[in-house]
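Trainee: Mind looking at a prediction? Sequence and model below.
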Amino acid sequence: MNARASEQSAQAELQALRREIEGHNHRYYVLDAPLVSDAEYDRLMARLLEIEQAHPDLVVPESPSQRVGGAPLAAFASVRHAVPMLSLGNAFDAEDVRAFDKRVSDTLREAGLLGLDEPVRYVAEFKFDGLAISLRYERGRLVQAATRGDGRSGEDVTANIRTLRSVPLVLSGDSPEVLEVRGEVLINRADFERLNEAQRSRGEKVFVNPRNAAAGSLRQLDPRITATRPLRFYAYGWGEVRGLPGAQAGLFGDESARAALPRDTHAGMLDWFESLGLPVNAARRVLRGADALLGFYTEVGARRPQLPFDIDGVVYKVDALRAQEVLGYVARAPRFAIAHKFPAQEETTQLFGIEVQVGRTGAITPVARLKPVFVGGVTVTNATLHNEDEVRRKDVRIGDTVVVRRAGDVIPEVVGPVLELRPADAVPFVMPTLCPVCGSAIERPEDEAIARCTGGLFCAAQRKQTLLHAAGRKALDIEGLGEKLVDQLVDSGRIKTLADLFSLTAEELAQYERMGTKSAQNLVQALEQARRPALGRLLYALGIRHVGETTARDVALHFGSMEAIMDAGEDGLLAVHDVGPVVAHSILRFFAEPHNRDVVHALAAAGVQPQAPQRRVGSLPLSGKTLVLTGTLPHWTRDEATRRILAAGGKVSGSVSKKTAYLVAGEEAGSKLAKAAELGVAVLDENGLRALLGVPQGGGSEA
Ligand SMILES: NC(=O)c1ccc[n+]([C@@H]2O[C@H](COP(=O)([O-])OP(=O)(O)OC[C@H]3O[C@@H](n4cnc5c(N)ncnc54)[C@H](O)[C@@H]3O)[C@@H](O)[C@H]2O)c1
Ligand SMILES: [Zn+2]
């Protein structure tokens, strides 16, 4: 392609992209009703920037790359910002962050503000996923609140902001004549769920995510509605500041905006805000150099799923205000700050179908079949919808475009449909009346959320799940007995109960699909080992409802033999530590069924001999794992943490390497965090360590 043709096709693509992005901007900023995920939007924007970088002459001031947000809604009075409200540049990986740090260092060295080997000092903060707001205080009183709008003018939402309890109407202490505080309005995830629940029950619009709910709640024409919404506010910056009380006032004349400020660092300004009674999030930290920033990113990333609100990244800001001034601005963002984004937790995709799965106890679970989508670091193809009510509540229909969320290690979830994209022929889910596996009736007791197949062990699906449960690690731990083999063994009629497993021979097993002689032999060996299970494990393996592994162990410890458990009456069972009426009745009901007693007898006949419990069985939670400690933990001393790790079978080492299982990081953690980030070593805080050790969480609140 010649230069002219290439320019023309770039122009065409640019125009299409700009139109598309503008459409999304309008839906997101003005209507609070986005059609695509943020990740999808970011991809469009990245493509736009790529083309504009290759063809700088095609960049126009109207391009979304040069502008902030969307036009303010005409229904609100318009407010012109004394100092524009900008956006932030983005970093998506460590390389972007290092490049940012290099740009900053180079500029500051050139300006003589940074020594040769001196690292730049930054403040790292959360990047709150809410909406930006500017609060104008005059002589300490809140006089105006405005949204960001297009950055120059925003919407007057003063009456709405006044309903937020976290926004002080009057500042404490000596406040300047004018102080414009900038920060984020957001909504906690739990509050968001409750809000949506209430909206749904009233048949009103539900929000796709907390950011949206926060924006929609704040930008209400009737402030009484805003007052009912649990909005929160955190300050992280400022606009105009004028007329300081006391001696500083006028000290610097009008020489620069910075000189009028009471502090000369960003961190100092935030501390000052706090002293005025403004909410500033405690997670901010002063750090030096790119490594420390990356360590912060990893650490916050690990905490992200546990935070009460959504953050979509962290923000790094040059701390010294003099340095900020020297670095200055580009069209839509400062050069002295950057947002380091986390991988997207939400994506949109197509819902192909809703199938039902039959569980071990017959529970029927609707499962969403999705067009494969990469979210939260994995490709998701299906997601549980839990039960019939959940499908109704979320109002997802086959054919819908849905929002899929995966936060941390939590299983992927279908958040809800994008209603605007619902096709006319979308099909609502109908719970089948017959089990798709065995044809038995599906019943749902009046007062229960779960529908069940009534087929019991007649139902192949339930039989398979029972076997897989029994083979599991916490039960008989029969390695090599996987889903595929269980399917064949049950479908061929060879295995009807758990006891039948123990008559399998290697020659016979080798006949099954995908079973070599070697794996057949291994499986028979695993079965051989499973003939001497701890009593608690065997009890757990039977799959009695409400009897988890801990309960099974307690019951085994109490009675000492299977016969004693089978013959125990209600009072006997209730005497067991931690066993209540629900568990007791479930055990009684199980052994009242002759076919269940038959299985236990058949197991004995097949040579399965449970071992009476001695005290404390099972391996230690950290055996074979090496941990590294760094920084100061909130409650435990280094010695205390070390002692507990050793007691749990773990090792403690002084340096992070590929062999490190976890880095436990506290306050003021340093270079080890960066090292962990580089090597992909998981980072925990004290509560994370406590969770591993099975110790209750320490006091003190997050964020
Ligand atoms: N899904 C969609 O259709 C759609 C449309 C438009 C925008 N978006 C989303 O919005 C982003 C772009 O929006 P943007 O221009 O507001 O940029 P941005 O949200 O990436 O960054 C700037 C904003 O970050 C916020 N912020 C949070 N914590 C902060 C802190 N500690 N310090 C400073 N600022 C902080 C402020 O509100 C600021 O305005 C996109 O990357 C995308 O995620 C989505
Ligand atoms: Zn069935």
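Mentor: That came through, no problem. Not measured: the values here are computed from a predicted model. Numbers count the residues shown, from 1 in each chain. Ligands and ions are numbered 1, 2, ... in the order given.
Trainee: For the spatially closest residue to Val427 that is not a sequence neighbour, grab phi and psi.
Mentor: The shortest distance from Val427 to any non-neighbouring residue, by CB to CB, 6 or more residues apart in numbering, is to Ile398 (4.3 Å). Where you see a C-beta, it was placed from the backbone N, CA and C, and this is true even at glycine. When read as degrees, to the nearest 10, the backbone of Ile398 gives phi -70, psi 130.
Trainee: can you start the count at 54 instead of 1 from here on
Mentor: Taking 54 as the first residue, the last one we looked at is Ile451.
Trainee: and Ile451, what is it in contact with?
Mentor: Residues in contact with Ile451, defined by CB atoms under 8 Å, 6 or more residues apart in numbering, are Leu404, Phe405, Gly406, Ile407, Ala479, Val480, Pro481, Phe482.
Trainee: Which residue ranges of the stretch 54-203 of the chain form helices?
Mentor: For the stretch 54-203 of the chain, helices defined by DSSP state H, counting those that start in this stretch occupy the ranges 56-78, 91-107, 147-163.
Trainee: can you redo the ones you listed as TSV with mean neighbour count, distance to ligand 1 and mean pLDDT?
Mentor: Putting the helices of the stretch 54-203 of the chain into TSV (neighbours: other CB atoms under 10 Å; distance: least, CB to the nearest ligand atom, whole Å; pLDDT from 0 to 100) gives the following:
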stretch	mean neighbour count	distance to ligand 1	mean pLDDT
helix 56-78	14	4	92
helix 91-107	15	3	94
helix 147-163	16	13	98
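Trainee: hmm, back to that, of the contacts of Ile451, which pair is most distant in space?
Mentor: Farthest pair in the contacts of Ile451 (CB to CB) is Phe405 and Pro481. Separation: 14.9 Å.
Trainee: between those two, who's got more neighbours?
Mentor: Phe405 (15 against 11; other CB atoms under 10 Å).
Trainee: Val353 belongs to a helix?
Mentor: Yes: counting by DSSP: H, G, I helix; E, B strand; the rest coil, Val353 is part of a helix.
Trainee: Confirm for me that it is in contact with Phe179.
Mentor: Yes: using CB atoms under 8 Å, Val353 is in contact with Phe179, at 6.9 Å.
Trainee: what touches both of these two?
Mentor: Ala336, Ile364, Val367.
Trainee: Could you pull up the contacting residues of the last one?
Mentor: Yep, that's Val367 we're talking about. Contacts for Val367 (CB under 8 Å, 6+ apart) come out as Ala177, Glu178, Phe179, Lys180, Phe349, Tyr350, Val353, Ala392, His393.
Trainee: all strands in the stretch 254-403 of the chain, in order from the N-terminus.
Mentor: Taking DSSP state E, counting those that start in this stretch, the strands of the stretch 254-403 of the chain run over residues 284-295, 338-341, 364-371, 390-394, 399-411.
Trainee: Just say which of those is most tucked in.
Mentor: Comparing those by mean neighbour count (mean count of other CB atoms under 10 Å), strand 364-371 comes out on top with a mean of 24.
Trainee: who does it pair up with?
Mentor: Using DSSP bridges, strand 364-371 pairs in its sheet with strand 174-181 (antiparallel), strand 390-394 (antiparallel).
Trainee: Ok, which of those strands comes nearest ligand 2?
Mentor: strand 390-394 (45.9 Å; CB to the ion).
Trainee: quick one, that closest one and helix 147-163 angle?
Mentor: 170 degrees (axes from the mean of the first three to the mean of the last three CA atoms, to 10 degrees).
Trainee: relative to helix 91-107, how tilted is strand 390-394?
Mentor: Between strand 390-394 and helix 91-107, the angle comes out at 130 degrees (the same axes, to 10 degrees).
Trainee: Average pLDDT for strand 390-394, rounded please.
Mentor: Strand 390-394 shows a mean pLDDT of 97.
Trainee: ditto for stretch 477-492
Mentor: Rounded mean pLDDT across stretch 477-492 is 96.
Trainee: Same question for stretch 221-233.
Mentor: Mean pLDDT, stretch 221-233: 92.
Trainee: same question, stretch 261-276
Mentor: Here the average pLDDT along stretch 261-276 is 93.
Trainee: Excluding its own residues, what touches that stretch? List them.
Mentor: 82, 85-87, 126, 128-129, 182-184, 186, 200, 208, 210, 212-216, 238-242, 245, 248-249, 258, 260, 278-279, 282, 284, 362-363, 399, 456, 468-469, 471.
Trainee: Double-check Pro485 against Ile495; I have them as touching.
Mentor: Yes: counting by CB under 8 Å, Pro485 does reach Ile495; the two are 6.2 Å apart.
Trainee: Those two: which is more packed in?
Mentor: Higher neighbour count among Pro485 and Ile495: Ile495, with 19 against 14, using other CB under 10 Å.
Trainee: Fine by me, we can end here.
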